[in-house]
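Asks: generate coordinates for the sequence data below:
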Amino acid sequence: MTPPDIRRDEVRAHFSAHADEYDRYAVVQKRVVAQLLERLPAAPPTGLWLDLGCGTGELAQALRQIQPSQPLLVADIAHGMTCHAAERVADVFAVDADAEALPLADASCSLILSSSMYQWVDDLGRAFAENWRVIRPGGTFLFALFGRATLHELRASHRAALAEAGNPYPSHMQSFPETEAVQKALAAAGFAFDLWSNEEVEHHPDVATLLRHLKKIGAQNASSKRPPGLASRRVTQRMIDLYGERFAAPQGIPATYEVICGIATKKGDA
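Replies: Residues are numbered from 1 along each chain as shown. Below is the predicted model:
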């Protein structure tokens, strides 16, 4: 499945607008940061570290505590997020950056980390090629992104609601990268890599709360295939009903996230 084209201007606007409240709702995203930190090499390479797609600075703050004097650059496509991270974490450099066109010199970084960001890029191959360009030989790229099974309950319920309503349009909800696509993009960029995956599930009292949480962290649909206008109220309500009927559990309404993690190295002498 090919992910839909992403409207980067909307991604930028959505996340920037919700920077101040992101941390109150980004439960799974914080778990993913913790997973990445567990995989950080025991002796990380010295030189400039880049937290790409830094969000509010959760990962950068942990890195600063691990290596207080390490040169650290935080970067995000959303200006509000970049500013928030720069205010939160002491002694960092900060820049707004598109992952597909990094404003950095060749071989300028020794370590690139990225958490819960690459599902928002339009061209994964181009983004990974940019990482290969700016990382020095022997450098490390450690990342996590949300994969194909992410929010499968929500997407299945939306498809079923559209079908019941006789809607001729396919579901416009954003899809997520497959593991195979991640592998191909890394290999094409020239990295040696190792991938692994797991599922994270959070529960909400009802579907409306889930939708509200997604909006509060800026994770709104940014697919360019989304049709104009608001979704039909009838379809939306039926989607909510179907979600509850099919997936409700004793703990509440589940929302599943497939987390694809990878550690990659640019071959060559450090």
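Asks: residue ranges with poor pLDDT in the stretch 51-200 of the chain?
Replies: In the prediction, the stretch 51-200 of the chain carries residues with pLDDT under 70 at positions 168-172.
Asks: all strands for it, in order.
Replies: 72-76, 93-96, 109-115, 135-146, 191-204 (DSSP state E, counting those that start in this stretch).
Asks: ok, residues contacting the last one?
Replies: This means strand 191-204. The contact list for strand 191-204, computed with CB atoms under 8 Å, 6 or more residues apart in numbering, reads 27-28, 31-32, 35, 128, 131-132, 141, 147, 149, 179, 182-183, 186-187, 210, 213, 249, 251-267. Glycine gets a C-beta too; all of them are placed from N, C-alpha and C.
Asks: pull up the pairing partners for that strand, direction included.
Replies: Note on strand 191-204: by DSSP bridges, its sheet partners are strand 253-266 (antiparallel).
Asks: now the shortest one
Replies: Listed by DSSP bridges, the sheet partners of strand 93-96 and their directions read strand 72-76 (parallel).
Asks: hey, what's the angle from the strand it pairs with to strand 109-115? Just curious.
Replies: 40 degrees (axes from the mean of the first three to the mean of the last three CA atoms, to 10 degrees).
Asks: can I get strand 72-76 in PDB, CA atoms only?
Replies: Output of strand 72-76 as PDB, limited to C-alpha atoms (Å, rounded to 0.1, in the frame of the first residue of the first chain):
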ATOM      1  CA  LEU A  72      22.800  19.200  19.800                       C
ATOM      2  CA  LEU A  73      20.600  20.500  17.100                       C
ATOM      3  CA  VAL A  74      16.800  20.300  17.300                       C
ATOM      4  CA  ALA A  75      14.800  20.600  14.100                       C
ATOM      5  CA  ASP A  76      11.100  20.400  13.100                       C
END
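Asks: gap between the two ends of stretch 81-99?
Replies: From its first residue to its last, stretch 81-99 covers 14 Å (CA to CA, to the nearest Å).
Asks: and for residue 102, the neighbour number?
Replies: 20 (other CB atoms under 10 Å).
Asks: no wait, residue 31
Replies: Per other CB under 10 Å, the neighbour tally for residue 31 reads 16.
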